[in-house]
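In: the following comprises the amino acid sequence and a computationally predicted model.
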Amino acid sequence: MLKLANGTRGSFIQTGFHGNLGYLGLAVAFYFLGDSGLAIAGIIAAFIMLFQNILAVATLGLFGAGADSGLTAGYFARKVLLNPVIMGAGAGIAFSLSGATMPGVVSRTLYIVADMALPLALLVIGASLNFSLLFSSTGLILLAGASKLLLMPAVGWFLHSRLGLAPSFLAPLIILLASPTATVTYVMSREMKGDPAFAAAAVSLITLISALTYVFWLSILS
């Protein structure tokens with residue numbers, strides 16, 4: 001309906017569902033719900049992270065600038081399996097199941113690298129931000145933001161009630177679904193021929209707006 005070109009279409013769809021769970025969703029869950037809520041949110045987040053990364057690869061494969069070449073099964077599997085988020089989650093699960101312990105120096109090094117991840121991603125996004133595009137695409141970004149910040153939590157609330165899930169799952173679920181667009185959408189847009197300039201603008205604006213929408217959702221959940 002919007003008649004978007006491939007590339008922009010892929011990034012528009014991705015920014016409308018790919019949430020920043022690790023840095024914002026889980027943090028809000030912890031400060032609003034405490035340790036017990038964070039534990040439930042962590043379980044839910046594991047499934048959402050896996051699903052949304054698979055969907056992101058499929059979206060950019062089908063609607064990216066290189067979509068005309070077709071989305072083959074091998075290409076799709078390779079992009080999913082080599083996705084850094086999925087690889088990291090898989091490595092973490094395997095390490096946990098092995099029962100091994102992390103040497104102190106390795107653990108401290110990984111913590112330092114982890115602490116650098118979000119600031120570096122934000123610096124790259126900020127450096128890539130095109131303000132003329134931000135102003136010219138505000139309507140499109142707000143539409144993607146409405147999908148991410150309002151529609152997804154509302155659908156999640158509806159499905160929670162229809163499926164009869166435990167009440168303790170509601171707040172963590174809504175908090176995660178209401179998280180703003182993930183910074184990795186910019187990286188994936190660059191890698192898979194989306195529209196990285198649009199993705200950078202969308203991440204910035206939708207993250208700012210999420211401060212207001214989180215107040216709305218948390219006031220309802222209180």
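Out: Good, I have the coordinates.

In: what ranges do the helices span in the chain?
Out: Assigned by DSSP state H, the chain shows helices spanning 8-15, 26-63, 73-81, 84-98, 104-128, 131-136, 138-146, 152-163, 170-177, 184-191, 196-221.

In: mean pLDDT added to these, as JSON lines?
Out: Formatted as JSON lines, the helices of the chain follow (pLDDT from 0 to 100):
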{"stretch": "helix 8-15", "mean pLDDT": "94"}
{"stretch": "helix 26-63", "mean pLDDT": "89"}
{"stretch": "helix 73-81", "mean pLDDT": "76"}
{"stretch": "helix 84-98", "mean pLDDT": "79"}
{"stretch": "helix 104-128", "mean pLDDT": "75"}
{"stretch": "helix 131-136", "mean pLDDT": "73"}
{"stretch": "helix 138-146", "mean pLDDT": "94"}
{"stretch": "helix 152-163", "mean pLDDT": "95"}
{"stretch": "helix 170-177", "mean pLDDT": "96"}
{"stretch": "helix 184-191", "mean pLDDT": "87"}
{"stretch": "helix 196-221", "mean pLDDT": "92"}
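
In: of those, flag the one that's most buried.
Out: Greatest average neighbour count among the helices of the chain goes to helix 8-15 (a mean of 27), per mean count of other C-beta atoms under 10 Å. (C-beta placed from N, C-alpha, C; glycine too.)

In: counting by contacts, list what it packs against.
Out: Counting contacts by 3 or more C-beta pairs under 8 Å, 6 or more residues apart in numbering; DSSP states H and E, helix 8-15 packs against helix 26-63, helix 138-146, helix 184-191, helix 196-221.

In: which residues sit against it?
Out: 2, 4, 56, 59-60, 62-65, 67, 140-141, 143-144, 148, 181, 185, 188-189, 192-196, 198-199, 202-203, 206 (C-beta atoms under 8 Å, 6 or more residues apart in numbering).

In: sorry, back to before: and of the helices and strands packed on helix 8-15, who's closest to Ile112?
Out: The closest of the helices and strands packed on helix 8-15 to Ile112 is helix 26-63. By C-beta to C-beta, the value is 19.0 Å.
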